[in-house]
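**Student:** just coords:
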């Protein structure tokens, strides 16, 4: 029997919540710190299902990783020789951990098997494997061609050029860029398509610069110089802006006041754009500090038309915001969401129709036509084991009676205590 999390309607409230550290920054920082010459202390890291998987895998590969008792710090002493030996790694439900580890393994020597849950082993990886083979890394499919599990036989890279696919996922490019400074030579990284989710590449490049990487933008990609990372001893992880988006949206649609702690002013994360979008719809910033923001919602707001190609993780949240606007909304240039884990656009359409939402497909996105208050009917919202859908759908319950979320535990992937923080709305 599936467990359900029931949500009570609530408007015009005042509350205070805290968001965790950024998942995107924590995963990247773990790789960069493992490649560093000196021990590195990460401050304000996220601790979630994906991060635990990353730490376990990097530890198996010879890195010494210590976590403080309060989980506010992680100390990483990298395996400088990167002689990995024979190891088997299991990445669980994390496709990003799998992608980042493949390039990291190419910086050293070893015979490494990578396996995962059925959710990840069902995703095609042939394009990325073919790219890594261009570098001279031998990779064997152990079951089905083009899918995990795989075995990597690495003796270090043997080529100075790689062509990386970027149309459906920016993580392939981020993976290569994060480790390329420690390949056997300078390397030219070519991108074969228009890159989706480019804001995540911007995070990667900013963090690489912080750690001392030397990267030049070229006409067709990037030139990465072989470089040691020897300057960073401590690195602060920002609060997760995607996690903040759910509470910014909650304030807007319920005309409420919410203080969000661990909110990073002028964040490098692309999802920081969500605050700008909310402001354009009428959300007011009451107070702002270096580590928090207090916002106030509005009684009503108009619909919108947005290109979210750079920030696709905002699509589920903005779909819910669109439900309660005064006019129709359109979300464009996110067709790549039809290839991410589950078809997120189809999942959004299916679930919103359960509550009598009006959602139609566009060639590159979706259109939502809002209805009058009282027209929507509560329902049991399926999450498809998608953490972003679970957190976004929770917002519906603030406005629509008798709404519940199935398999809400999937939020552990990025925001383990999301529903504990959500309960502050009712205090």
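**Tutor:** That came through, no problem. Because the structure is predicted, anything quoted here is derived from the model rather than measured.
**Student:** quick one, what contacts the closest residue to residue 357 other than its chain neighbours?
**Tutor:** For residue 357, ignoring the flanking residues on the chain, the nearest one in space by CB to CB, 6 or more residues apart in numbering is residue 323 at 5.7 Å. The C-beta positions use only the backbone N, C-alpha and C, and glycine is treated the same way. Residue 323 sits next to 352, 357, 368, 370, 376, 396, 399 when contact means CB atoms under 8 Å, 6 or more residues apart in numbering.
**Student:** one more time with 7 Å, if that's ok
**Tutor:** 352, 357, 368, 370 (CB atoms under 7 Å, 6 or more residues apart in numbering).
**Student:** Please apply the same query to residue 357.
**Tutor:** Contact analysis of residue 357 by CB under 7 Å, 6+ apart lists 323, 368, 376.
**Student:** and those residues, which of them are in strands?
**Tutor:** Counted as lying in strands by DSSP state E, out of these, are residue 368.
**Student:** Regarding residue 223, which helix or strand does it belong to?
**Tutor:** strand 221-224 (DSSP states H and E).
**Student:** List the strands paired with that strand, with their directions.
**Tutor:** Strand 221-224 has the following strand partners under DSSP bridges: strand 187-191 (antiparallel), strand 215-218 (antiparallel).
**Student:** What residues of stretch 72-92 count as buried?
**Tutor:** Within stretch 72-92, the residues that count as buried by 16 or more other CB atoms under 10 Å are 74, 76, 77, 78, 79, 82, 84, 87, 89, 90, 91, 92.
**Student:** do the same with stretch 294-307
**Tutor:** For stretch 294-307, the neighbour count (16+ other CB under 10 Å) marks 294, 295, 296, 297, 301, 303, 304, 306 as buried.
**Student:** How about stretch 126-137?
**Tutor:** For stretch 126-137, by 16+ other CB under 10 Å, it's 127, 128, 129, 131, 132, 135, 137.
**Student:** How about residues contacting the strand holding residue 223?
**Tutor:** Here strand 221-224 has contacts from 177, 180, 181, 186, 187, 188, 189, 190, 191, 213, 215, 216, using CB under 7 Å, 6+ apart.
**Student:** Please, where are all the helices along the stretch 1-150 of the chain?
**Tutor:** Counting by DSSP state H, counting those that start in this stretch, one finds helices in the stretch 1-150 of the chain at the ranges 23-34, 49-60, 95-105, 118-121, 126-134.
**Student:** Is it possible to get the buried residues of stretch 126-137 out as a markdown table so that each row also shows distance to residue 252 and pLDDT?
**Tutor:** Below are those laid out as a markdown table (distance: CB to CB, whole Å; pLDDT from 0 to 100):
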| residue | distance to residue 252 | pLDDT |
| --- | --- | --- |
| 127 | 39 | 93 |
| 128 | 38 | 95 |
| 129 | 43 | 97 |
| 131 | 41 | 95 |
| 132 | 43 | 97 |
| 135 | 47 | 95 |
| 137 | 47 | 97 |
